[in-house]
Every structure is written in structure tokens, then in C-alpha cells.
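Peer 1: Sequence first, then the predicted structure, then my questions.
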Amino acid sequence: MALFDAISDFALSLPGAYMTEQWMGSHVFKISDDKMFCVLRPGKPNILIKLGSLESRALLIEAGVAEIHTHMKRGSWADLLVDRLEKDDILTRVEESYALVRFRLTKARQAALPPYPE
């Protein structure tokens, strides 16, 4: 549970991030107008994040540290298997997911958020 809390605290520390609870208790981390970047499911050994490409997802799956999420098979979303990764690697990937989602927002939505280094 400590890792779950560390991931939650880190995700909420990112500029403009907030959490909603949906999908049977999942903690869904979002920015701007409900754009999600990370999903934690209490009691589950994985974390859903957005990756930069399908190739990145394929490499993580091949390495045995990620799976294709049941409901998000298309796109570059993946379930990271947190018990197979170091905490720092998980937090780095959460921040990368945040950055990918943030920088795909319109300029107006980005400007409405607290500053974040590019």
C-alpha cells in the first residue's frame, strides 16, 4: 500500500493534477478538462499510463513489465506491472504520461494550468 500512496502523492504533486474516483473505485488522475494520465486500482498490482508510442508499449510488454489494458487496447495506453519495476521508474513513467497528455492540450488549456517545464 505504501507504493500506491507514493504514486498517488506523486501524481497529485504534478501541476494542475487532480484525482477522481470512478470505475468501481479506481483512482483516476487527470489534468485540465478531465484528461486522464494515470489510473490506479486499489488492490491491483498495476497502473494504467499513456506511453509515447505503440513501440514503447510493445517494448515494455516484451520486457515483461507491462500488459495491454483490457479496455484500452488501442492507442498507447498500457498497464505497468508495478511489482516488476523500481519505484523511481514507475514515477518517471507517471510523469512522462502526464507530460504527454499535458502537451497535447490546446495552448489555451495549457496556459490555464500552473507552469510545468517543457
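Peer 2: Right, received. Where do you want to start? Numbers count the residues shown, from 1 in each chain.

Peer 1: and Glu95, what does it touch?
Peer 2: Applying CB atoms under 8 Å, 6 or more residues apart in numbering to Glu95 gives the contacts Phe10, Leu14. For the C-beta atoms, the positions are set from N, CA and C on the backbone; glycine is no exception.

Peer 1: Can you tell me the SS state at it?
Peer 2: Here Glu95 is recorded as helix under DSSP: H, G, I helix; E, B strand; the rest coil.

Peer 1: Can you check what pLDDT the model gives it?
Peer 2: Looking at Glu95, its pLDDT is 96.

Peer 1: Ok, Arg74 next?
Peer 2: Reading off the model, Arg74 has pLDDT 66.

Peer 1: Same question for Glu62.
Peer 2: 93.

Peer 1: Where do the strands of the chain begin and end?
Peer 2: In the chain, the strands defined using DSSP state E lie at 18-22, 26-31, 35-40, 46-50, 66-67, 77-81.

Peer 1: quick one, which of those strands is packed in tightest?
Peer 2: Of all these, strand 46-50 has the most neighbours on average by mean count of other CB atoms under 10 Å, namely a mean of 24.

Peer 1: what sits against the residue most central in space within the chain?
Peer 2: The residue lying closest to the centre of the chain (CA atoms, centre = their mean) is Cys38, at 2.7 Å. Cys38 makes contact with Ile7, Ala11, Val28, Phe29, Ile47, Leu48, Ile49, Val94, Ser97, Tyr98, according to CB under 8 Å, 6+ apart.

Peer 1: Kindly recompute the last result at 10 Å.
Peer 2: Neighbouring residues of Cys38 by CB atoms under 10 Å, 6 or more residues apart in numbering: 7-8, 10-11, 14, 17, 19, 27-30, 47-50, 80, 93-95, 97-98, 101.

Peer 1: ok, now His27?
Peer 2: 4, 7-8, 11-12, 19-21, 38-42, 47.

Peer 1: Let me have the strands of the chain in a markdown table, adding distance to Ala112 and mean pLDDT as columns.
Peer 2: Formatted as a markdown table, the strands of the chain follow (distance: least, CB to CB, whole Å; pLDDT from 0 to 100):
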| stretch | distance to Ala112 | mean pLDDT |
| --- | --- | --- |
| strand 18-22 | 13 | 94 |
| strand 26-31 | 10 | 95 |
| strand 35-40 | 12 | 94 |
| strand 46-50 | 20 | 93 |
| strand 66-67 | 32 | 90 |
| strand 77-81 | 25 | 92 |
